[in-house]
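K.L.:
no letters, just coordinates:
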């Protein structure tokens, strides 16, 4: 069974973790306290964005009511995203650790907008599971963003960011 570590929570929530037809890869890259230290601080930046998917002949569907995760783009999470994009089922090694202590969470509003305040600088993944009322596809929207020391980062998650 695979553990809920880092972006694995998004994988599981999106229904991607248990697909029997995908080749499986185990990621053993440990997550250390040193990896997470820069992400534990309070920062002066804001990350704002929107999540939506287009539909043929219809209005786009937004992520209304869905949880958005901001997770650190550390080595383990980068490997997980790369494996997911390659169509692989991801399992965490037995001694990996967890980045959950630095996750930031928001909820998409009715227009599919979200906002994170006081974000420290660094590379982050923004992810939203796709389990939307009007959207039959499963998967997740995932995009890496670089957050500066101060200011606002605008993120648009669309079809280009879908991982299945």
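P.N.:
Yes, it's here. If you're wondering where the values come from, they're calculated on a predicted model, not measured in any experiment. Numbers count the residues shown, from 1 in each chain.

K.L.:
the helices in the chain, which residues?
P.N.:
For the chain, the helices defined by DSSP state H occupy 8-13, 33-40, 75-85.

K.L.:
most tightly packed of these?
P.N.:
Highest mean neighbour count among the helices of the chain (mean count of other CB atoms under 10 Å): helix 8-13, with a mean of 23. Where you see a C-beta, it was placed from the backbone N, CA and C, and this is true even at glycine.

K.L.:
pLDDT averaged over that helix, what's the number?
P.N.:
In this model, helix 8-13 carries a mean pLDDT of 49.

K.L.:
can you check which strand is longest in the chain?
P.N.:
Scanning the chain for the longest strand, with DSSP state E as the assignment, gives strand 44-55.

K.L.:
residue 119 touches residue 41, doesn't it?
P.N.:
No. With contact defined as CB atoms under 8 Å, residue 119 does not reach residue 41; the gap is 9.6 Å.

K.L.:
and those two? Which one has more around it.
P.N.:
Comparing residue 119 with residue 41 by other CB atoms under 10 Å, the one with more neighbours is residue 119, at 22 against 12.

K.L.:
so what pLDDT did the more buried one get?
P.N.:
Reading off the model, residue 119 has pLDDT 98.

K.L.:
quick one, what contacts it?
P.N.:
By CB atoms under 8 Å, 6 or more residues apart in numbering, the residues touching residue 119 are 43, 45, 46, 47, 70, 104, 147, 153.

K.L.:
any idea how far residue 156 is from the fourth one?
P.N.:
So that's residue 47. As judged by CB to CB, to the nearest Å, residue 47 and residue 156 stand 12 Å apart.

K.L.:
the more surrounded of these two?
P.N.:
residue 47 (22 against 14).

K.L.:
bridged to that one, which residues?
P.N.:
residue 116, residue 153 (DSSP bridges).

K.L.:
hmm, it is touching residue 70, no?
P.N.:
Yes. Residue 47 lies in contact with residue 70 (CB under 8 Å); the separation is 6.4 Å.

K.L.:
common neighbours of the two, please.
P.N.:
Common contact partners of residue 47 and residue 70 (CB under 8 Å, 6+ apart): 116, 119, 124, 126.

K.L.:
out of those residues, which two sit at the greatest distance?
P.N.:
Pairwise distances across the shared contacts of residue 47 and residue 70 peak at 10.6 Å for 119 and 126 (criterion: CB to CB).

K.L.:
where does pLDDT dip in the protein?
P.N.:
Within the chain, the stretches with pLDDT under 70 are 1-20, 56, 132-137.
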